[in-house]
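**Q** What follows is a predicted structure for the sequence shown.
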Amino acid sequence: MVRAMRAMGVDYAAEYLQRFGFPAQNIVHTESLALGSASFTPMQVARGYAVMANGGFLIDPYFISKIENDQGGVIFEAKPKIACPECDIPVIYGNTQKSDVLENTNVEEVAVSQEQQNSAVPMPELEQANQALVAQTARRNTRRM
């Protein structure tokens, strides 16, 4: 990880973390950042991960969705902003992607099963691996060990 950060540049990596909502004062501008030297609260980490779950939009997460009094009246209810309507997908029970992966034996079958579930989403073209190149890489990696 340190090599990757060194290649991209520490300042670029620190700036990129700020795009995920992490405060600049908590981000150290050294290569140790790649090893987790920054200190963030659980809410800040949740906010950072929420960017990926919301199509790249920075949102403010919440932990409490509703507070009711003893009579059942709503005292507080979170009203989250939906930054990415396409990302607001209900939780699906039963046949999920994970079960497809466990049932199917290869990537092509999983891709086909996902394509059948939602034809509106374009599926990436799967390229066949060049078997000669795979064998050559395997031999090279074996020699290194």
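**A** Sure thing, it's come through. Numbers count the residues shown, from 1 in each chain.
**Q** Now do the contacts for residue 14.
**A** Counting by CB atoms under 8 Å, 6 or more residues apart in numbering, residue 14 touches 24, 27-29, 33. No exception for glycine: its C-beta is placed from N, CA and C like everyone else's.
**Q** swap the cut-off to 10 Å and go again
**A** Residue 14 sits next to 5, 22, 24, 27-30, 33, 38 when contact means CB atoms under 10 Å, 6 or more residues apart in numbering.
**Q** next one: residue 11
**A** Counting by CB under 10 Å, 6+ apart, residue 11 has contacts residue 29.
**Q** so it sits in a helix?
**A** Yes: applying DSSP: H, G, I helix; E, B strand; the rest coil, one finds residue 11 inside a helix.
**Q** any idea of the pLDDT on it?
**A** Predicted confidence (pLDDT) for residue 11: 90.
**Q** Please produce a PyMOL select command covering the buried subset of the contacts of residue 14.
**A** Selection of buried members from the contacts of residue 14 for PyMOL, criterion 16 or more other CB atoms under 10 Å:
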select buried, resi 5+22+27+33
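**Q** ok, so of the contacts of residue 14, who is nearest residue 77?
**A** Residue 77 lies nearest to residue 22 out of those, by CB to CB, at 28.2 Å.
**Q** Am I right that residue 39 is in contact with residue 26?
**A** Yes: here residue 39 reaches residue 26: they are 5.6 Å apart, a contact under CB atoms under 10 Å.
**Q** Which parts of the protein are helices?
**A** 2-8, 10-19, 42-53, 97-103, 107-117, 131-144 (DSSP state H).
**Q** related to what we said a few turns ago, please say which of residue 39 and residue 26 ends up with more neighbours.
**A** For residue 39 and residue 26, the more surrounded residue by other CB atoms under 10 Å is residue 26, and the numbers stand at 14 against 9.
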